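Q: Turn this into a model:
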Amino acid sequence: MTPFVERHGLWSAVQQQAAREVARIVETEGLEQVRFAFADQHGILRGKTLVGAEAAQAMRAGVGMVGTVLLKDTSHRTVWPVFSRGGGFATPEFEGASDVLLVADPTTFRRLPWVAKTGWMLCNAYFPDGRPVPFDTRWQCARALARLAEAGYDYVSGLEVEFYVFRIERARLAPEDSGWPGAPPEVSLLESGYQLLTEQRYDLLEPALDLLRRDVQALGLPLRSMEVELGPSQVEFVFGPMTGLAGADAMVLFRSAAKQSLRRHGYHASFMCRPRIPNAMSSGWHLHQSLARRADGANAFMPAPGDPEGLSAPARQFLAGLLAHARGSVAFAAPTLNAYRRYRPNSLAPDRALWGRDNRGAMVRVVGGAGDPGTRLENRVGEPAANPYLYFASQIHAGLDGIALGLDPGPGADAPYEMQAPMLPRSLAEALEALAGDGAMREGFGDGFVDYFLRIKQAEIARFEQEVTPWEHTEYFDLF
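A: Down below sits the predicted model:
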């Protein structure tokens with residue numbers, strides 16, 4: 001029987017050649033296992049590990065995975081009643097907890113440096129009849145990139161990611177610590193913080209960061225710098241520009257590498273926006289983005305001499321789209337309840353939809369200008385826990401709408417908190433309400449995907465609202 005990939009024509013010529021090379025590497029280097037990884041709706045990697053001898057066949061036949069993986073919230077609870085007919089699915093294929101097939105993208109193959117003789121590949125999800133699963137966020141991002149290509153552009157991204165690294169004091173693996181979710185580890189700091197960019201603090205962090213740096217570079221990711229952030233044990237990794245899916249793929253791989261590699265050495269990496277750690281600062285993910293013209297590969301955002309505000313016309317229109325859909329797209333850039341602890345006035349985190357030239361108080365910061373081939377827009381709204389495929393896709397859909405309508409971003413903000421502008425959502429619930437009514441997001445992602453995403457995130461909010469928080473107990477238990 002013809003293998004699944006060939007039967008449905010799922011690989012390009014480049015992927016077919018890459019698959020042959022992967023099979024050769026597995027055999028000649030004696031790799032003992034290959035991880036088939038799938039980025040779920042939250043950007044968390046799931047999947048299966050196959051022994052090396054099975055990898056070549058599995059690449060072409062696909063790897064079965066229970067479909068309920070795509071129906072879970074961040075606690076890993078399944079949000080839909082999969083064993084009830086008419087359970088409110090956007091598509092009926094998930095009834096009965098049926099399987100989907102993971103098909104590897106062999107161009108993403110890596111050897112994992114922290115695991116002996118282990119390969120790794122990213123996958124996309126397909127139904128058994130060869131149709132892509134519409135809730136596969138990597139596929140959603142590829143669709144957005146295809147829309148952009150039709151308009152004559154490629155998407156170029158750079159990652160600037162803040163996160164925390166702690167030392168694990170107690171892993172909390174007693175049976176009573178398990179649950180949905182389980183208890184997080186007890187941790188201590190590697191340094192006490194509030195000395196931004198000081199070399200002394202970096203040297204305290206260096207033993208842990210060097211472990212991660214070596215593994216990240218061994219993975220081939222374009223790491224540029226490691227920096228000390230303001231919070232205690234808070235750091236920032238900065239990556240060079242990548243085109244298309246490569247930037248989003250790099251983000252999911254980097255987060256996974258940080259958590260896995262450091263954990264093996266007794267450290268805990270967290271991309272949670274604002275941990276409940278005394279004196280912790282919020283972490284952001286600043287997404288640098290530009291468009292490259294497909295015709296000649298040049299930066300379409302780089303202005304000609306005399307262009308207003310030091311931006312080309314496509315850049316201004318793309319920027320205007322980001323601002324026009326800031327409220328509707330923020331749920332993809334900041335998809336957790338915790339992310340909205342970050343947006344505060346007079347801080348480095350934006351609280352309204354404004355842009356500025358080299359202004360870190362604005363939501364979108366323009367970097368570069370005339371004669372600078374690195375001219376780009378830095379969106380500062382994201383959290384490091386965001387699913388990169390959805391974050392990228394939301395930016396593309398918003399920016400394309402700005403280009404299609406010829407929108408203008410208006411004047412830049414020299415003093416962001418003195419200008420009138422739409423406020424960003426102050427909660428995940430408010431962000432979801434804005435997403436539900438955003439026409440460009442619905443057109444870009446499709447109504448089915450938007451409604452699916454809303455239901456998962458609303459389930460998380462419902463669970464949160466049923467909990468008694470430490471604040472409530474402190475506030476009311478003794479008083480009343």
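Q: Quickly find the element holding the residue lying closest to Ser329 once chain neighbours are set aside.
A: The shortest distance from Ser329 to any non-neighbouring residue, by Cβ to Cβ, 6 or more residues apart in numbering, is to Ser394 (4.0 Å). (Each C-beta comes from the backbone N, C-alpha and C, glycine too.) Assessed by DSSP states H and E, Ser394 sits inside helix 388-405.
Q: That helix: which residues count as buried?
A: Residues 388-403 are the ones in helix 388-405 that count as buried (16 or more other Cβ atoms under 10 Å).
Q: What of stretch 113-124?
A: Residues of stretch 113-124 classed as buried: 114-115, 118-124 (neighbour count, 16+ other Cβ under 10 Å).
Q: Filter those residues down to just the ones in helices.
A: Using DSSP state H, no member of these sits in helices.
Q: hang on, the earlier thing: tell me the one of the buried residues of helix 388-405 nearest Glu460?
A: Within those, distances to Glu460 taken as Cβ to Cβ reach their minimum at Leu390, with 15.2 Å.
Q: residues contacting the closest one?
A: Counting by Cβ atoms under 8 Å, 6 or more residues apart in numbering, Leu390 touches 43, 137, 140-141, 332, 335, 453.
Q: switch the cut-off to 6 Å
A: Contacts for Leu390 (Cβ atoms under 6 Å, 6 or more residues apart in numbering) come out as 137, 332.
Q: Tell me the pLDDT of it.
A: On pLDDT, Leu390 comes in at 98.
Q: Same check on Ala90?
A: 53.
Q: do the one 4 residues further on as well
A: Reading off the per-residue confidence, Phe94 sits at a pLDDT of 80.
Q: So what's the residue count around the closest residue to it other than its chain neighbours?
A: Closest residue in space to Phe94, ignoring its immediate chain neighbours: Gly67 at 4.8 Å, by Cβ to Cβ, 6+ apart. For Gly67, the count of nearby residues is 21 (other Cβ atoms under 10 Å).
Q: From Pro92, how far off is Gly67?
A: Gly67 is 11 Å from Pro92, where distance means Cβ to Cβ, to the nearest Å.
Q: what does Leu50 give?
A: Distance, Leu50 to Pro92, using Cβ to Cβ: 30 Å.
Q: So between those two, which is more surrounded?
A: Counting neighbours by other Cβ under 10 Å for Leu50 and for Pro92 shows that Leu50 has the greater number, 18 against 11.
Q: Quick check, the more buried one in contact with Ala56.
A: No: Leu50 lies out of contact with Ala56 (Cβ atoms under 6 Å); the separation is 9.9 Å.
Q: low-scoring stretches of the stretch 1-150 of the chain, by residue?
A: Low-confidence segments of the stretch 1-150 of the chain (pLDDT under 70): 85-91.
Q: now the helices for it?
A: Secondary structure of the stretch 1-150 of the chain (DSSP state H, counting those that start in this stretch): helices at 4-8, 13-28, 52-61, 137-150.
Q: in the longest one, what counts as buried?
A: The neighbour-count criterion (16+ other Cβ under 10 Å) identifies 15, 18-19, 22-23, 25-26 as the buried residues of helix 13-28.
Q: now the host helix or strand of Phe318, how far from the centre of its chain.
A: In this assignment (DSSP H and E), Phe318 forms part of helix 313-324. The chain centre lies 22 Å from the centre of helix 313-324; the measure is Cα atoms, centre = their mean, to the nearest Å.
Q: And for stretch 153-161?
A: With Cα atoms, centre = their mean, you get 12 Å for stretch 153-161.
Q: circling back: so which elements touch the helix holding Phe318?
A: With contacts defined as 3 or more Cβ pairs under 6 Å, 6 or more residues apart in numbering; DSSP states H and E, the packing partners of helix 313-324 are helix 388-405.
Q: right, and the helix or strand after the helix it packs on?
A: Past helix 388-405, the next helix or strand by DSSP H and E is helix 428-436.
Q: quick one: buried residues of the helix or strand following that next one?
A: Where DSSP H and E defines the elements, the next helix or strand beyond helix 428-436 is helix 439-445. By 16+ other Cβ under 10 Å, the buried positions in helix 439-445 come out as 440-442, 444-445.
Q: repeat for stretch 300-312
A: Under the neighbour-count criterion of 16+ other Cβ under 10 Å, stretch 300-312 has 300-303, 309-312 buried.
Q: tell me the mean pLDDT for that stretch?
A: Here the average pLDDT along stretch 300-312 is 84.
Q: can you check stretch 237-246 too?
A: Across stretch 237-246, pLDDT averages out at 98.
Q: neighbouring contacts of it?
A: With Cβ under 6 Å, 6+ apart, stretch 237-246 has contacts from 145, 154, 156-161, 222-226.
Q: So which of the residues you listed sit within helices?
A: The helices, defined by DSSP H, take in Leu145 from these.
Q: Who wins on neighbours among the contacts of stretch 237-246?
A: Counting by other Cβ under 10 Å, top hit in the contacts of stretch 237-246: Leu159 with 26 neighbours.
Q: List the beta-bridge partners for that residue.
A: Going by DSSP bridges, Leu159 is paired in beta bridges with Leu287.
Q: one step back: can you redo the buried residues of helix 439-445 as a markdown table, where the extra columns are distance to Met251 and pLDDT?
A: What follows is those, written out as a markdown table (distance: Cβ to Cβ, whole Å; pLDDT from 0 to 100):
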| residue | distance to Met251 | pLDDT |
| --- | --- | --- |
| Ala440 | 23 | 98 |
| Met441 | 20 | 98 |
| Arg442 | 25 | 98 |
| Gly444 | 20 | 98 |
| Phe445 | 19 | 98 |
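Q: Fine by me, we can end here.
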